[in-house]
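**Student:** got a sequence here, can you model it:
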Amino acid sequence: MSHITILVIILIEANIMSDEEIEAFKESGKLASKIREDSKRLIMVGESLLDIAETIEQMIEEDGAKPAFPVNISINDIAAHYTPEAGSEASLGETDLVKIDMGLELNGGLSDTAYTIDLSNQNEKLVTASEDALEKAIAAIKPGMRVGEIGDVIEQTIKGYGFKPISNLSGHMIKSNELHAGVEIPNIKTQDPYELKEGEIFAVEPFATTGNGYVEDLDQVEIFSIYAPSKVRMRQSRKIVEHVIKNYGMLPFAERWIRKEFKSKLLVSASLRELLENQFIRGYPVLREVSRGLVSQAEHTILVTADGCEVLTK
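**Tutor:** You can find the predicted model right below:
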């Protein structure tokens with residue numbers, strides 16, 4: 001075995017990315033930060049959820065990138081994975097606690113960022129709890145730190161505000177073209193021994209709640225991704241598979257995106273159902289806090305550096 005081959009194996013096992021890959025992540029993060037801040041002007045009482053999601057996704061595409069996943073607009077006790085369905089007439093109410101979770105892909109580099117806006121002006125402390133937990137976690141991150149220790153920082157910060165972290169939601173490692181790359185950053189203290197390494201990239205996303213601190217799956221599913229490619233029977237399903245692979249690859253996509261290309265609601269629904277049954281794709285159910293508590297979220301994508309971390313979406 002050559003020295004070059006050994007070096008390549010070591011680099012792969014250590015999750016080390018090339019300078020070009022890291023630069024793509026930095027560019028993606030910089031653009032995501034800009035669009036995140038610009039999108040905040042859209043969050044107003046009476047605004048259509050569908051218009052907000054599609055406007056943000058359009059902003060991403062107009063800047064030469066692609067959405068890394070459908071824009072999530074999770075309101076009040078909904079914690080994650082809700083994106084407006086095609087034809088949705090839902091709009092923001094004057095008491096809504098609104099979480100916008102967005103990300104983009106640019107030259108293989110991915111970014112993931114989120115914020116919360118309280119339209120009622122009654123939940124500022126809850127919003128601050130997740131934001132402060134994110135800031136303190138970022139300040140603590142450095143090579144050699146165990147992910148369970150980061151969870152402890154997040155948990156203690158949120159509890160310090162009188163709320164609970166959501167224990168079954170977590171941040172995640174990101175790699176080129178892979179949004180969830182296996183390693184998780186918990187929002188509570190755990191015994192997970194995984195140690196952060198220089199050059200790794202993570203999305204850190206604390207969730208704070210007035211409820212019990214746990215989310216449950218709802219029946220509604222609007223977001224999907226390829227899971228385990230297999231044989232597909234329906235001709236329409238095969239066409240949808242070709243479209244998904246060409247346009248989204250392994251990244252999550254929304255049913256409403258498919259409906260734009262394939263106009264028939266019934267055929268699209270039937271095809272997605274077949275693909276789910278065959279486990280060709282997986283669905284991401286809308287997640288709701290079990291006791292119907294309000295939920296806030298804050299998120300940044302970070303690069304672990306020699307002596308700490310660099311926030312890529314700041």
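
**Student:** quick check: buried residues in stretch 259-278?
**Tutor:** 259, 267-268, 271-272, 274-275, 278 (16 or more other Cβ atoms under 10 Å). Every residue, glycine included, has its C-beta placed from N, CA and C.

**Student:** chain center to that stretch: distance?
**Tutor:** Chain-centre distance of stretch 259-278: 24 Å, with Cα atoms, centre = their mean, to the nearest Å.

**Student:** which other residues reach that stretch?
**Tutor:** With contacts defined as Cβ atoms under 8 Å, 6 or more residues apart in numbering, stretch 259-278 is touched by 86, 224, 230-234, 236-237, 239-241, 243, 255, 258, 281-283.

**Student:** any idea how far apart the tips of stretch 103-120 sit?
**Tutor:** 26 Å (Cα to Cα, to the nearest Å).

**Student:** export the buried residues of stretch 259-278 to JSON lines and tack on pLDDT, secondary structure and distance to residue 135?
**Tutor:** Below are those laid out as JSON lines (pLDDT from 0 to 100; DSSP: H, G, I helix; E, B strand; the rest coil; distance: Cβ to Cβ, whole Å):
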{"residue": "259", "pLDDT": "93", "secondary structure": "helix", "distance to residue 135": "39"}
{"residue": "267", "pLDDT": "88", "secondary structure": "helix", "distance to residue 135": "47"}
{"residue": "268", "pLDDT": "91", "secondary structure": "helix", "distance to residue 135": "42"}
{"residue": "271", "pLDDT": "92", "secondary structure": "helix", "distance to residue 135": "44"}
{"residue": "272", "pLDDT": "94", "secondary structure": "helix", "distance to residue 135": "39"}
{"residue": "274", "pLDDT": "92", "secondary structure": "helix", "distance to residue 135": "45"}
{"residue": "275", "pLDDT": "94", "secondary structure": "helix", "distance to residue 135": "41"}
{"residue": "278", "pLDDT": "90", "secondary structure": "coil", "distance to residue 135": "44"}
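
**Student:** make CSV out of these and add distance to residue 148.
**Tutor:** What follows is the buried residues of stretch 259-278, written out as CSV (distance: Cβ to Cβ, whole Å):
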residue, distance to residue 148
259, 42
267, 46
268, 42
271, 41
272, 37
274, 40
275, 36
278, 36
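
**Student:** kindly export stretch 296-306 (C-alpha atoms) in CSV.
**Tutor:** Coordinates of each C-alpha in stretch 296-306 appear next as CSV, following Å, rounded to 0.1, in the frame of the first residue of the first chain:
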residue,chain,number,x,y,z
SER,A,296,-38.2,28.5,20.3
GLN,A,297,-35.2,27.6,18.2
ALA,A,298,-31.8,29.2,17.2
GLU,A,299,-29.2,27.6,14.9
HIS,A,300,-25.9,28.3,13.3
THR,A,301,-23.5,26.2,11.2
ILE,A,302,-20.0,26.1,12.7
LEU,A,303,-16.5,25.0,11.7
VAL,A,304,-14.4,23.5,14.4
THR,A,305,-11.0,25.3,14.4
ALA,A,306,-7.7,24.7,16.2
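
**Student:** many thanks, have a good one.
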